[in-house]
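A.B. asks: sequence plus predicted model, see below.
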Amino acid sequence: MSEIISETRGLRFGYDETAPLLEGVDLQVLRGDILILAGESGRGKSTLMRLLVGLERPLPDDLGSEQGQVFLFGEDIWDIPLDRLRELRRRTGYVFQNNALIANMTIRDNIAVPLRYHTDRTEEDIALEVTRWVDSLLLTGHEMKRPAMLSLGMQKRAAVARAMAMRPEILFLDEPTAGLDAKNTDTMLSLIGNLRALSNVAIVMVTHDLSAARALGGKIALLLDGVLRPARSIRQLLHSEDPREQELLRDEGVGPTR
């Protein structure tokens, strides 16, 4: 049986207690999975992903305990010391929607940051690892430039390269194709798909673009009205008879087939 490496049980979250974004979310990510989190814009997809790595906490109940549980590599992240949570996070990679590259560093140094701060590897080893991901993410020849000198597509690929430098077991991607034209979107999706072949990393990706989900394969979990629907293939979704799901598919330009 495949190992569960990320999981939520009965998760409830909101910035306003009277209007929670997430209600009773149950989710499992298995080793090697590709899971797409899709749904309406601004309705909790990115927040859910931040919850998965402990960047947000679930809503407290009347006694102050979290409403729901979040597990990372089998450990309840709100029932362990902070130092232990930090250790678990080092086994993950996270790419923010705004890329979060350090403006005054070259791309090469940006990619090297986690290796320098979180490992005891030599500079020679770090240089080899950085080169591996510069090549894998098609950044060769641009690695000595600063982020502002690169196109948005290259910046996004550099952020993915930095996340992969630590050889994560699970990679979280927040809208990695947002703002990209069709050609750069195709390039990014192809590179993301290749990551599994290179490292067998599990991928959790937030996107508003369901055609991206079709390109990557894997399962799609729709977040609608704060409730996470069961993960299904794009083929299963296209034959859904649920009116809310049909509406979302039409809005995204991926209509149900008959």
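C.D. replies: Yep, it's here.
A.B. asks: can you tell me the closest non-neighbouring residue to residue 30?
C.D. replies: Distance criterion C-beta to C-beta, 6 or more residues apart in numbering; nearest residue to residue 30, sequence neighbours excluded, is residue 2 at 4.1 Å. For the C-beta atoms, the positions are set from N, CA and C on the backbone; glycine is no exception.
A.B. asks: you'd agree the one you found is up against residue 28?
C.D. replies: No - judged on C-beta atoms under 8 Å, residue 2 makes no contact with residue 28 at a distance of 9.6 Å.
A.B. asks: and those two? Which one has more around it.
C.D. replies: residue 28 (15 against 11; other C-beta atoms under 10 Å).
A.B. asks: secondary structure class for that one?
C.D. replies: Under DSSP: H, G, I helix; E, B strand; the rest coil, the three-state class of residue 28 is strand.
A.B. asks: would you check that it makes contact with residue 3?
C.D. replies: No - here residue 28 does not reach residue 3: they are 10.4 Å apart, not a contact under C-beta under 8 Å.
A.B. asks: how about the strands in the protein?
C.D. replies: Assigned by DSSP state E, the strands in the chain fall at 4-13, 22-30, 34-39, 69-72, 75-76, 92-95, 170-174, 202-206, 219-224, 227-228.
A.B. asks: now the ones you listed in TSV, with mean pLDDT and distance to residue 159?
C.D. replies: Below are the strands of the chain laid out as TSV (pLDDT from 0 to 100; distance: least, C-beta to C-beta, whole Å):
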stretch	mean pLDDT	distance to residue 159
strand 4-13	92	20
strand 22-30	92	21
strand 34-39	90	18
strand 69-72	94	21
strand 75-76	96	27
strand 92-95	96	5
strand 170-174	96	9
strand 202-206	95	13
strand 219-224	90	23
strand 227-228	89	26
